[in-house]
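1. Sequence first, then the predicted structure, then my questions.
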Amino acid sequence: EVHVVESGGGLVQAGGSLRLSCAASGFTFDDYAIGWFRQAPGKEREGVSCISRSGGSILYADSVKGRFTISRDNAKNTVYLQMNSLKPEDTAVYYCAIGRKVTTTPYFYDYWGQGTQVTVSS
């Protein structure tokens, strides 16, 4: 059975940093791309970043480029999202997902975690 668990969310002031972690199990971790998505109240889920199986290919949404960094440790079955210079508009529930390709389109992701709340105060 596949398990995906996000952690590291919380409340932070604008300009601050958080590091999210995504721990997964129940499948061959380095066979899949991993993506981070977020959903704010009243808005659609949007892709934030994704990383290929080896980590050699990475995508970011324009809204987070230069501020967020995705990485993965295949030995630990974990993916990270380092978020710096956070803005109030980054406030959302952040989800980790296991995918078939390196894309920020949710359709291509098959397994999802329950999400972790990130709140950025102004």
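-> Cool, got the structure. Numbers count the residues shown, from 1 in each chain.
2. which residue is nearest the middle of the chain?
-> Residue closest to the average C-alpha location in the chain (CA atoms, centre = their mean): Trp36, at 2.4 Å.
3. any idea how far Asn84 is from it?
-> As for Trp36, its distance to Asn84 is 14 Å (criterion: CB to CB, to the nearest Å). Placement of C-beta: from N, CA and C, glycine included.
4. residue boundaries of the strands in this protein?
-> 3-7, 10-13, 18-25, 33-39, 46-51, 58-60, 68-73, 78-83, 92-99, 109-112, 116-121 (DSSP state E).
5. For the spatially closest residue to Asn77 that is not a sequence neighbour, the count of nearby residues, please.
-> The shortest distance from Asn77 to any residue other than its chain neighbours is 4.3 Å, reached at Phe29 (CB to CB, 6 or more residues apart in numbering). Phe29 is flanked by 20 other residues according to other CB atoms under 10 Å.
6. and the closest residue in space to Ser17 that isn't next to it in sequence, how far is that from Pro106?
-> The shortest distance from Ser17 to any residue that is not its chain neighbour, by CB to CB, 6+ apart, is 4.7 Å, and that residue is Asn84. When distance is defined by CB to CB, Asn84 is 24 Å away from Pro106.
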